[in-house]
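1. Okay, predicted coordinates and the sequence, questions at the end:
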Amino acid sequence: MKKILVTGATGQIGSELTIALRSRYGAENVLAAGHKRPALGELMQSGPFCCLDVRDLPAINQVVEANNIDTIFHLAALLSAVGEEKPQQAWDVNMNGLSNVLEISRLHHCALFFPSSIAAFGPETPPMDTPQDTIQRPTTIYGITKVSGELLCDYYYHRFGVDTRGLRYPGLISSKAPPGGGTTDYAVDIFYAAIKTQHYDCFLRADTQLDMMYMPDAIAAALNMMTADSRQLRHRNAFNVTAMSFTPQQLAAEIQKHIPGFTISYSVDPLRQAIADSWPRHMNDSAARAEWGWQAQFDLPAMVKDMLEKITLNSL
Ligand code: NAD
Ligand code: SER
């Protein structure tokens, strides 16, 4: 990784991954590509930035050629809840965007990171200890683009030798950029509500158990996976990775240990509840552990403590 392009760089993952890449590989070697130009901030001030629509193949080609890019972290996408509101646009951005980036990676010999998701599974998938290789029949447009993306990345590796790699992330929790319209967003929103009003009205049922991960682990997973010895990777494109698995009720109880007056209520959104109910509750990530040494650092108590400290500091 000498010259890196990050698409979707202003999003929840990109705004932290770009900074981590810049501190490891040199600020001038990591080009952040946003859909639209963000307000001045750490991302804009710490290194190069360009605007790029991933549906525009000639524009991606120009950026990659002009900057001698050899590695692409492809984060641009529409997430699960937004995807259900705009299914055609979700297919366009998620599939045509990925197809363009794969084609450019083939032409310019770039390595490619593609994040898949727990959404690549569906109601027929075993929900507990979800195996690495199992039935995948997702019922959301987002999930359909994730399974198709996993397969397309496998295809480009086997057919053209493109070094494609990826992870199936669970819901990600972070304190920098807000989440972009997913079903697991409640697990971030709850912290801001806890600090501001000591109350959160949750859009998922109290007992909705889902896999989750704190952003520092998600960033470490992407970096470690992309630098792992290629010969050790049997799965390559869609490693199950998880760090913790909890319900809104359990998350609220952990927050109450720090903010005793915190309360939670539930106004269930049928759309997002149906999405959550179709996803696994706890993935088996033994393939990632065995093939490239995956191990999470943050469990539920450690994540909650750190989130509350960071958000309190930021909101001072
Ligand atoms: P996000 O919504 O915060 O960011 C995505 C970015 O893509 C946004 O900044 C948006 O402006 C950009 N974008 C949208 N359309 C675009 C287009 N046509 N061209 C260029 N950019 C465009 O999402 P995120 O949470 O940072 O997720 C990044 C990736 O990780 C996605 O592929 C997502 O599916 C995956 N993922 C995220 C999570 C999570 O919990 N955040 C979990 C699993 C997988
Ligand atoms: N966190 C994402 C979502 O809820 C899962 O990929 O859409």
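-> Now that the structure is in, tell me what you want to look at. Ligands and ions are numbered 1, 2, ... in the order given.

2. what's the pLDDT at Leu316?
-> What the model reports for Leu316 is a pLDDT of 51.

3. any idea how far the residue of the stretch 51-200 of the chain found nearest ligand 1 lies from ligand 2?
-> Using CB to the nearest ligand atom, Gly180 is the residue of the stretch 51-200 of the chain that sits closest to ligand 1, at 2.0 Å. Every residue, glycine included, has its C-beta placed from N, CA and C. Distance of Gly180 to ligand 2, given as CB to the nearest ligand atom, to the nearest Å: 8 Å.

4. Just give the number of residues close to the closest residue to Trp292 other than its chain neighbours.
-> Nearest non-adjacent residue to Trp292, counting by CB to CB, 6 or more residues apart in numbering: Ala228, 3.7 Å away. By other CB atoms under 10 Å, the residues close to Ala228 number 18.

5. how close does Ala228 sit to Arg236?
-> 10 Å (CB to CB, to the nearest Å).

6. Now the common contact residues for these two.
-> Arg165 (CB atoms under 8 Å, 6 or more residues apart in numbering).

7. now the helices for the protein?
-> In the chain, the segments counted as helices under DSSP state H are 14-25, 42-45, 57-66, 80-85, 87-91, 97-108, 141-160, 186-196, 215-227, 248-256, 270-277, 286-292, 300-314.

8. any idea of the pLDDT on the nearest residue to Arg281 once chain neighbours are set aside?
-> Distances taken as CB to CB, 6+ apart put Gln209 closest to Arg281, at 4.3 Å, once the chain neighbours are dropped. Looking at Gln209, its pLDDT stands at 98.

9. Surely Gln209 touches Pro248?
-> No: Gln209 is beyond contact range of Pro248, at 9.3 Å (criterion: CB atoms under 8 Å).

10. neighbours of the residue nearest to Lys146 when sequence neighbours are not counted, just the number please.
-> Leaving aside its sequence neighbours, Lys146 sits nearest to Ala120 (CB to CB, 6+ apart; 4.1 Å). Ala120 has 24 neighbouring residues, counting by other CB under 10 Å.

11. Only the buried residues of stretch 9-24, if you could.
-> 9-22 (16 or more other CB atoms under 10 Å).

12. check contacts around the closest residue to ligand 2 within the stretch 151-300 of the chain.
-> In the stretch 151-300 of the chain, the residue that lies nearest ligand 2 is Gly182 (2.5 Å; CB to the nearest ligand atom). By CB under 8 Å, 6+ apart, Gly182 lies in contact with Leu79, Ser80, Ala81, Val82, Gly171.

13. Check these and tell me the two furthest apart.
-> Val82 and Gly171 (14.8 Å; CB to CB).

14. The stretch 101-250 of the chain against ligand 1: which residues are in contact?
-> Counting by CB under 6 Å from any ligand atom, the stretch 101-250 of the chain comes close to ligand 1 at Pro115, Ser117, Tyr169, Gly171, Leu172, Pro179, Gly180, Gly182, Thr184.

15. so what's the fifth one bridging to?
-> Meaning Leu172. When bridges are called by DSSP bridges, Leu172 pairs up with Met213.

16. What's the separation between it and Ile104?
-> Leu172 is 26 Å from Ile104, by CB to CB.

17. Give me the nearest residue to Thr242, chain neighbours excluded.
-> Asp211 (4.3 Å).

18. and that neighbour, what is it in contact with?
-> So Asp211 contacts Ile118, Pro170, Gly171, Thr242, Ala243, Met244, Ser245, Pro280, Arg281, His282, Met283 (CB under 8 Å, 6+ apart).
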